[in-house]
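Undergrad: give me a model of this one.
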Amino acid sequence: MPRNALYAQSGGVTPVINASAGGVIAAARRHPDRIGTMFAAQNGILGALDEVLIDTAQLTETHLTQLRHTPGGAFGSCRHKLKHGAELKRLFELFAAYDIGYFFYNGGGDSADTCLKVAEFAQYHGVDLTAIHIPKTIDNDLPLTDCSPGFGSVAKYVATSVREAGLDTASMAASSTKVFILEVMGRHAGWIAAAAGLASSDAASPPHLILTPEVPFEAGRFVRAMQETIARVGYCVVVAAEGVRDAQGVYLAESGATDAFGHVQLGGVAPVLAGLVKQHLGYKCHWAVADYLQRAARHLASATDLAQAIAVGEHAVSYALGGLRSVMPAIVREDNEPYRWRIEPVPLAEVANREKPLPLEFLNGDGLHLSPLGREYFAPLIQGEVPPPYRDGLPDYPRWQFVTGAKRLPAFDPARG
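TA: Residues are numbered from 1 along each chain as shown. Okay, the predicted model is just below:
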């Protein structure tokens, strides 16, 4: 008898997370004798707890194709730290009510923690459930995988933006703006900021300075490097990860708030850096925060990234049907030129609650520029263009609206033990 499956998206979305969803759904449909109904939880694990489920049978083949072209999270995502006790019990009541035998959770490091909790609960209580984590994070900080789906497209977008903004800054530097600062995501790891270095073709082209959390920030050193760059080139373009911090580990832009997982909320490193420029050098400075733009830019997605996003979704189903449990499909790099990769399973216990920092050897000795080794790593990940369909001059993205099923369980009471 086939058993049903539940898929959910979690955490910050990416330009290609929906492609992974399409990969999961399409792969499941190829095995009707093993997987019955593929449900999707609306708004991640919260939708599962509230029993807001979508029967993906309502998605046509055209819809599956559209998933590959659409940014955001088609089924809705969330940030929620699954709690032991009432929440885990409720989740397994849902699994029982819908005969869920397969759970696919698509997210980053915190989502891996949720998936691991589900897998361990099932094992401890002898529940026949296969939990597979599907990797996704633009931060590229998941361990045991060469890269994370979503990152390659963001790297391509940021490097492109830096190259274009650099030309703008250069054209105005003689009489106006001499400094442009782009703040990118990366709380604990500087992968995105470092990848922006791909935009540079020589020592005079931007980005001229790269700031990452892995290299402690020193204001005096930053000011001197900027002054030298402007004297040499005439202007300076900086890319800074949001998580830049000093030698004591204090973020330059702490706001004092925390999210559901206890992560410090950051208030913006770019204006802090711009203040230093004005205070010490007096130059006119513009700054921008890539924020949601970088992770929603499906129009500039990497073909490599898209292929990998689909592949991890398909392999997740293959692993589940092959009897593997509590694993994550990881991307293994086989070669750089030409770039070749494959997918292999890795233990989820070695992924959850762990982060992969940017290797310092990916930066030059001064820690402010991309090294040849870093360029060799990043370059293949941004290759290829797969633009979405356009209509009236704009990307033709669907507005996803799904019918959710009638509920079978009582309303969830989180206070229940």
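Undergrad: need the contact list for residue 347.
TA: Residue 347 sits next to 326-328 when contact means CB atoms under 8 Å, 6 or more residues apart in numbering. Every C-beta, even on glycine, is put in place using the N, C-alpha and C of the backbone.
Undergrad: residue 286 contacts residue 173, correct?
TA: No - look at residue 286 against residue 173 with CB atoms under 8 Å: they stay out of range, at 11.3 Å.
Undergrad: and the strands in the stretch 1-150 of the chain?
TA: Remark: strands assigned in the stretch 1-150 of the chain by DSSP state E, counting those that start in this stretch are 3-9, 35-41, 53-55, 100-107, 130-135.
Undergrad: wait, the stretch 151-300 of the chain
TA: Secondary structure of the stretch 151-300 of the chain (DSSP E, counting those that start in this stretch): strands located at 179-184, 209-211, 236-241, 254-258, 264-266, 285-289.
Undergrad: can you lay out the ones you listed as JSON lines showing mean pLDDT, mean neighbour count and distance to residue 110?
TA: Listed next are these as JSON lines, based on pLDDT from 0 to 100; neighbours: other CB atoms under 10 Å; distance: least, CB to CB, whole Å:
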{"stretch": "strand 179-184", "mean pLDDT": "98", "mean neighbour count": "27", "distance to residue 110": "20"}
{"stretch": "strand 209-211", "mean pLDDT": "98", "mean neighbour count": "26", "distance to residue 110": "25"}
{"stretch": "strand 236-241", "mean pLDDT": "98", "mean neighbour count": "29", "distance to residue 110": "19"}
{"stretch": "strand 254-258", "mean pLDDT": "52", "mean neighbour count": "10", "distance to residue 110": "13"}
{"stretch": "strand 264-266", "mean pLDDT": "52", "mean neighbour count": "16", "distance to residue 110": "14"}
{"stretch": "strand 285-289", "mean pLDDT": "96", "mean neighbour count": "18", "distance to residue 110": "22"}
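Undergrad: out of the ones you listed, the one nearest residue 85 is which?
TA: Smallest distance to residue 85 across these (CB to CB): 21.4 Å, for strand 254-258.
Undergrad: show me where the chain has helices.
TA: 17-29, 44-49, 61-69, 86-97, 109-125, 151-172, 191-195, 219-233, 269-280, 291-296, 303-321, 372-378 (DSSP state H).
Undergrad: farthest from the middle of the chain: give me that residue.
TA: When distances to the mean C-alpha position of the chain are computed (CA atoms, centre = their mean), the maximum falls on residue 175, with 38.8 Å.
Undergrad: sorry, back to before: quickly compare the helices of the chain and say which is most buried.
TA: Per-stretch averages of neighbours, counted by mean count of other CB atoms under 10 Å, single out helix 191-195 among these, with a mean of 30.
Undergrad: quick one, what contacts residue 345?
TA: 315, 319, 324, 327-330.
Undergrad: of these, which is the nearest to residue 169?
TA: residue 330 (38.9 Å).
Undergrad: OK, contacts around the residue nearest to that closest one when sequence neighbours are not counted?
TA: Distances taken as CB to CB, 6 or more residues apart in numbering place residue 145 nearest to residue 330, at 3.9 Å, with adjacent residues excluded. Taking CB under 8 Å, 6+ apart, we find residue 145 in contact with 135, 328, 330-332, 346.
Undergrad: repeat the analysis, applying 6 Å as the threshold.
TA: Shown in contact with residue 145 (CB atoms under 6 Å, 6 or more residues apart in numbering): 135, 330-331.
Undergrad: do residue 41 as well
TA: 8, 47-48.
Undergrad: partners of it in the sheet?
TA: Beta-bridge pairing for residue 41 (DSSP bridges): residue 53.
Undergrad: noted, bye for now.
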